[in-house]
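> what would the 3D arrangement of this be:
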Amino acid sequence: MKAVVATKYGSPDVLRVTEVAKPTPKNNEVLIRIAATTVGPSDSAFRRGKPFVVRFFSGLTKPNSILGDVLAGEVEAVGSDVTRFGEGDRVFGTAAPDSGAHAEYICLPEDGALAVMPSNMSDSEAAAVCDGALTAMGFLRDTADIQRGQSILINGASGSIGTFAVQLANHFGAEITGVCSTKNVDLVKSLGADTVIDYTQTNFTTLGKEYDIIFDTVGKSSYSRCEDSLKRGGIYMTTVPSPAILFQMGWTKLSGSKRAVFTATGLKSPEEKVAHLQSLRKLIEAEEIHSVIDRRYSLDEIADAHRYVDTGHKTGNVVITLS
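Numbering: from 1, shown residues only. Presented below is the predicted three-dimensional model:
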């Protein structure tokens with residue numbers, strides 16, 4: 001089967017599409033023929049090996065496995081002990097904190113982060129959910145415990161996580177301010193933001209407004225810059241780990257009324273991820289949330305997909321299609 005591998009960390013040029021052995025499911029596993037996966041900032045981080053913390057999962061000196069973690073596809077075969085899924089089931093999920101989804105096939109345990117796909121979604125749209133929506137749900141519902149009537153500012157509101165965060169915050173009944181570039185203002189409004197700030201024209205931290213939650217989905221701001229924009233008891237969340245945010249998490253937990261938080265949503269238990277996938281499926285089938293897809297690439301074009309993501313200017317999700 002075809003799969004994306006890298007023998008060293010670096011630019012998109014280190015990526016190679018090569019032939020590897022097709023996996024065989026163990027007794028408790030399902031074999032999935034992958035129809036779609038995604039490339040996002042986290043994939044770029046694992047390709048580069050930066051920040052260094054990612055190397056504790058991907059290999060200290062070089063990547064140690066097939067890249068990619070989110071997927072949508074069809075169950076082709078099941079192990080003898082599998083009862084949750086059957087051949088022909090359309091499924092979506094994630095292998096995180098492991099990888100292996102940038103390939104034609106993958107084996108996952110039946111009790112892994114895997115669920116039946118929404119009936120009204122394509123494979124590409126479902127794969128996008130497992131990237132942006134699964135992360136957004138973990139931050140908003142688990143970390144922030146977002147409540148109806150709270151105010152939230154979403155920095156990077158037009159990205160893969162941000163587009164879903166706006167829709168989910170709208171579902172939870174929050175008052176939403178989205179931050180994005182000029183070309184995406186109308187999109188973010190259409191997703192449910194009450195107010196949209198064009199960061200090329202205005203720095204939201206200078207407006208004197210305060211929020212219950214600031215969700216930095218792209219890691220372009222910091223707790224210190226956002227602290228004055230938080231209400232008493234407010235929370236600043238970022239998706240990007242750094243020594244600064246880890247230090248701030250410690251001292252804000254011990255002192256003051258405002259908190260800084262980083263959450264490694266990929267390390268949540270399979271049970272938690274499955275619960276989120278099932279909740280997201282209900283919202284999708286009720287047409288409350290949907291995927292925003294910027295570009296689609298084939299597996300052979302994986303390096304080009306990484307180059308585009310590395311520009312930092314994608315809107316929504318970049319999808320790799322295999323079917």
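
> going forward, measure contacts and count neighbours with C-alpha atoms only.
Will do.

> what's in contact with the lengthiest helix in the chain?
Looking across the chain with DSSP state H, the single longest helix is helix 270-285. By Cα atoms under 8 Å, 6 or more residues apart in numbering, the list of residues contacting helix 270-285 from outside reads 93, 111-115, 117-120, 130, 133-134, 137-138, 289-290.

> and the nearest residue to Thr182 once chain neighbours are set aside, how far is that from Asp186?
Once flanking residues are discounted, Thr182 sits nearest to Asp198: 5.5 Å by Cα to Cα, 6 or more residues apart in numbering. Distance, Asp198 to Asp186, by Cα to Cα, to the nearest Å: 11 Å.

> for the two, indicate the residue with more neighbours.
Neighbours around Asp198 and Asp186, counted as other Cα atoms under 10 Å, are more numerous at Asp198. The numbers are 16 against 11.

> could you tell me which of the contacts of helix 270-285 count as buried?
93, 111-115, 117-118, 130, 133-134, 137-138, 289-290 (16 or more other Cα atoms under 10 Å).

> in helices, which of those residues appear?
Short answer: the buried ones among the contacts of helix 270-285 in helices (DSSP H) are Leu134, Met137.

> quick revisit: which is the next helix or strand following the longest helix of the chain?
strand 293-298 (DSSP states H and E).

> residues in contact with the next helix or strand after that next one?
On the C-terminal side of strand 293-298, the closest following helix or strand by DSSP H and E is helix 302-310. The contact list for helix 302-310, computed with Cα under 8 Å, 6+ apart, reads Val4, Pro12, Asp13, Leu15, Val39, Gly40, Pro41, Ser44, Tyr297, Lys314, Val318, Ile320.

> and if we set it to 10 Å?
Identification of contacts with helix 302-310 by Cα atoms under 10 Å, 6 or more residues apart in numbering yields 4, 11-17, 38-41, 43-45, 47, 102, 295-299, 314-315, 317-320.

> just the angle for it relative to strand 293-298, thanks.
Using axes from the mean of the first three to the mean of the last three Cα atoms, to 10 degrees, the inter-axis angle of helix 302-310 relative to strand 293-298 is 160 degrees.

> what's the following helix or strand after helix 302-310?
Taking DSSP H and E, what comes next after helix 302-310 is strand 317-321.

> pLDDT of that following strand, averaged?
Computed over strand 317-321, the mean pLDDT rounds to 98.

> then stretch 9-25?
On average, stretch 9-25 scores 97.

> what does stretch 227-236 give?
96.

> which parts of it are buried?
Here stretch 227-236 shows Glu227, Asp228, Ser229, Leu230, Lys231, Gly234, Ile235, Tyr236 as buried, counting by 16+ other Cα under 10 Å.

> list the contacts of Asp69.
37-39, 42-43, 93-103, 106, 130-131, 266.

> just the buried residues from those residues, in PyMOL please.
Buried residues within the contacts of Asp69, by 16+ other Cα under 10 Å, are selected in PyMOL with:
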select buried, resi 37+38+39+42+43+93+94+95+96+98+99+100+101+102+103+106+130+131+266
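
> which residues in the stretch 1-150 of the chain form strands?
With DSSP state E, counting those that start in this stretch as the criterion, the stretch 1-150 of the chain has strands at 2-6, 15-19, 29-39, 70-78, 90-94, 105-109, 114-116.

> so which of these is nearest Thr205?
Among these, the nearest to Thr205 by Cα to Cα is strand 29-39 (30.2 Å).

> okay, the closest one in CSV with CA atoms only?
C-alpha atoms of strand 29-39 as CSV (Å, rounded to 0.1, in the frame of the first residue of the first chain):
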residue,chain,number,x,y,z
GLU,A,29,-8.7,-4.5,15.5
VAL,A,30,-10.5,-3.3,12.4
LEU,A,31,-8.8,-2.7,9.1
ILE,A,32,-9.9,0.6,7.6
ARG,A,33,-9.5,1.6,3.9
ILE,A,34,-8.8,5.3,4.3
ALA,A,35,-10.7,7.5,2.0
ALA,A,36,-9.7,10.9,3.4
THR,A,37,-7.3,12.5,5.9
THR,A,38,-6.1,16.0,6.6
VAL,A,39,-2.9,18.1,6.9
